[in-house]
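Asks: Sequence and predicted structure are below.
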Amino acid sequence: MDLKVETGGAYKDERLGWGKSLPVPSIQDIVRNDFQSVPERYIHENMDRPQVPDNLLASLEIPIIDFSLLTKGDEDEIRKLDFACKEWGFFQIINHGVGEKVLNKMKAAVAAFFALPLEEKKKYAKAANEIQGYGQNFVVSEDQKLDWSDMIYLITVPPENRNFKFWPLTLPGFKEAVEEYSAEIQKVAEEIYANFSVLMGLDRDGLKRLQGELKQGIRMNYYPVCSRPDLVLGISPHSDGSTFTLLLQDDEVTGLQIRHKEAWIPVKPIPNSLVVNIGDATEIQSNGMYKSIEHRAITNEEKPRISIATFMFPDDEQEIGPLESMIDDHHHPRMYRNIKYIDYIREKFARRMEGKAHTDFVKLTRK
Ligand SMILES: O=C(O)CCC(=O)C(=O)O
Ligand SMILES: [Fe+2]
């Protein structure tokens, strides 16, 4: 059957799963063969190109939350969390309880995967109508600009949803590292769900219940060095489709930037911390109070960068919509319609990454 993609529109075929993306070459391989090469398809229009942030913006920092205080129920820290979600949509957590060894093993496993020869990595290549596996997602047309990164995406929770066909099981230590990291991150995520629940007027298990079954997927990104970082983007501006995302970044290379008050602010890595950002599902459930912020990654000439994004998301069949406790007909009326998560995600994967367009289509004001 011919699977048709309507650029900017949803898939109409129910059998498609989550979505489809056109195959693209490995940019890591292109750079490995010719460091100077910057193919036309990666060069962004002038207005989209990364700009070097000025000193004032570079000195602005996203909030830092001490997770050990949150778990003790510290009122000030919980207020800080609420502020971070409303004003920034991004924060870094320290003292989160995931051991340094677990973090380092995960980083080493991902680095070892990307260090494999291309032919070996291709054994785990995603199919065109799959989102899991090695390759790239969100490529919906042949003339779309491409991002300067390769990735492998794996669904990790619940364990019975793991599809080991996409896991490099012959790579020593990879499966163990991912499984251990996934389990540790899940604990942190459950505590975040509990805190968000209370802040949104529910009991601690409120949001967890509203996700149906809790799901988790890990996207491992590899950004090769680039001889012209001023012309390309490591990952185009987008918001995440998750409830929230926990990002483990390279301790030494800054690449992530978030849109804050119309400027791009770099997120400077704090060693062993995790960056947390609100995803579209939480923006919708909080009726727009918690912001799913646009972010992107830039590249550099000297060092490749690895980042590991763990997405938490609801069950496919779950309907998501603004919580009653977050709607106030007079002061803060309902901003989004309800939507089944799978319908939301199909719509999202049928588009290229394009800023906030992915929440706009659920907004009630949009006709
Ligand atoms: O590499 C980064 O810092 C950002 C990655 C990201 O935004 C994603 O994978 O959704
Ligand atoms: Fe992201």
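Replies: All right, it came through fine. Ligands and ions are numbered 1, 2, ... in the order given.

Asks: which residues touch Asn300?
Replies: By C-beta atoms under 8 Å, 6 or more residues apart in numbering, the residues touching Asn300 are 225-226, 229, 253, 255. No exception for glycine: its C-beta is placed from N, CA and C like everyone else's.

Asks: so which helix or strand takes in the residue lying farthest from the centre of the chain?
Replies: Distance from the C-alpha centroid of the chain, by C-alpha atoms, centre = their mean, peaks at His330 (33.8 Å). Per DSSP states H and E: His330 is located in neither a helix nor a strand.

Asks: just to revisit the earlier point, just to be sure, which of the contacts of Asn300 are found in helices?
Replies: Members of the contacts of Asn300 lying in helices (criterion: DSSP state H): none.

Asks: Looking at these, which is nearest ligand 1?
Replies: Gly255 (5.4 Å; C-beta to the nearest ligand atom).

Asks: and the closest one, how many neighbours does it have?
Replies: 25 (other C-beta atoms under 10 Å).

Asks: still on that earlier bit, what would the contacts of Asn300 look like in TSV with pLDDT and distance to ligand 1?
Replies: Putting those into TSV (pLDDT from 0 to 100; distance: C-beta to the nearest ligand atom, whole Å) gives the following:
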residue	pLDDT	distance to ligand 1
Val225	97	15
Cys226	97	14
Pro229	95	14
Val253	95	10
Gly255	95	5
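
Asks: mind listing the helices for the stretch 201-350 of the chain?
Replies: With DSSP state H, counting those that start in this stretch, the ranges of helices along the stretch 201-350 of the chain come out as 206-210, 280-285, 341-349.

Asks: Give me whichever of those is most buried.
Replies: helix 280-285 (a mean of 26; mean count of other C-beta atoms under 10 Å).

Asks: The protein against ligand 1: which residues are in contact?
Replies: Within the chain, the positions near ligand 1 by C-beta under 6 Å from any ligand atom are 219, 221, 235, 240, 247, 249, 255-256, 295, 297, 307, 309.

Asks: wait, what's in contact with Asp240?
Replies: Asp240 makes contacts with 277, 279-280, 292, 309, 311, as judged by C-beta under 8 Å, 6+ apart.

Asks: what about the residue in the stretch 151-300 of the chain positioned nearest to ligand 1, distance to Asn221?
Replies: Here the stretch 151-300 of the chain gets closest to ligand 1 at one residue, Leu256, 3.3 Å apart by C-beta to the nearest ligand atom. Per C-beta to C-beta, to the nearest Å, Leu256 is found 10 Å from Asn221.

Asks: what do the two both touch?
Replies: Common contacts of Leu256 and Asn221 (C-beta under 8 Å, 6+ apart): 297, 307.

Asks: higher neighbour count, these two?
Replies: Leu256 (27 against 24).

Asks: so where is this structure shaky, pLDDT-wise?
Replies: The chain contains residues with pLDDT under 70 at 1-17, 47, 52-59, 351-358, 365-367.
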